[in-house]
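> from the sequence below, what's the structure:
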Amino acid sequence: MNIGEIVDNFSLLEDWEERYRYLIDLGGSLPLLPEEVKTEENKVRGCMSQVWMILGWDEKGRLSIRAESDAKIVQGLVAILCTVFQGKTAEEIRSIDIEGIFKKLGLDQHLSPNRRNGFFAMVERIRSFTAQCT
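The predicted structure follows:
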């Protein structure tokens, strides 16, 4: 699935309760992290929920993301970020308008300020990692 399909699916859902359920379903599709990697070093700062994120580069120089949250809606946000950034090069990542995607999904109006801050804390971790490795 790509982000265009997620945006389209969001637009087909009638209300935010259905969109939240869809977001939770997206999060449920991600593999869980092993307990031994849920460390302070892998924890994303700025999230009210606990989020662990492991970033790396594959052999082709594309971003690899493994992440998990202990909150179902946040796990859905993690799934969106994985959809957007996973498998992209550093150059592609720099050109992604994540704020625009966030608005297209309507998340700017329907997430609490704490969840919004957590989402962008995850984005910042990805962008910082990308900047360090290029």
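
> skip the chain neighbours and tell me the closest residue to residue 23.
Among residues not flanking residue 23 along the chain, residue 76 sits closest, at 3.4 Å (CB to CB, 6 or more residues apart in numbering). All C-beta atoms are positioned from the backbone trio N, CA, C, and that covers glycine.

> got a list of contacts for whichever strand or helix holds the one you found?
Residue 76 is part of helix 72-85 when elements are defined by DSSP states H and E. Residues outside helix 72-85 that contact it (CB atoms under 8 Å, 6 or more residues apart in numbering) are 1-3, 6, 20, 22-30, 47, 49, 51, 53, 63, 65, 67-69, 93, 96, 98, 101, 105, 107, 115, 118-119, 122-123, 126.

> from the chain's centre, how far out does stretch 109-121 sit?
12 Å (CA atoms, centre = their mean, to the nearest Å).

> which residues sit against it?
16, 19, 44-49, 51, 73-74, 77, 81, 102, 107-108.

> report the buried residues of it.
111, 115, 116, 118, 119, 120, 121 (16 or more other CB atoms under 10 Å).

> in CSV, list these along with distance to residue 86.
Listed next are the buried residues of stretch 109-121 as CSV, based on distance: CB to CB, whole Å:
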residue, distance to residue 86
111, 21
115, 21
116, 22
118, 19
119, 16
120, 18
121, 18
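
> per-residue confidence at the most centrally placed residue in the chain?
Centroid-nearest residue in the chain: residue 81, 2.5 Å away (criterion: CA atoms, centre = their mean). pLDDT for residue 81: 97.

> which of the contacts of helix 72-85 fall within helices?
Here DSSP state H is the test, and the contacts of helix 72-85 give 3, 6, 20, 22-28, 93, 98, 101, 107, 115, 118-119, 122-123, 126 as lying in helices.

> and those, which are buried?
Counted by 16+ other CB under 10 Å, those give 3, 6, 20, 22-24, 26-27, 93, 98, 101, 107, 115, 118-119, 122-123, 126 as buried.

> what distance separates the worst-scoring helix or strand of the chain on mean pLDDT from the centre of its chain?
The helix or strand of the chain with the poorest confidence is helix 107-110; it has a mean of 89 (mean pLDDT, DSSP states H and E). Here helix 107-110 is found 15 Å from its chain centre; the criterion is CA atoms, centre = their mean.

> brilliant, that's me finished.
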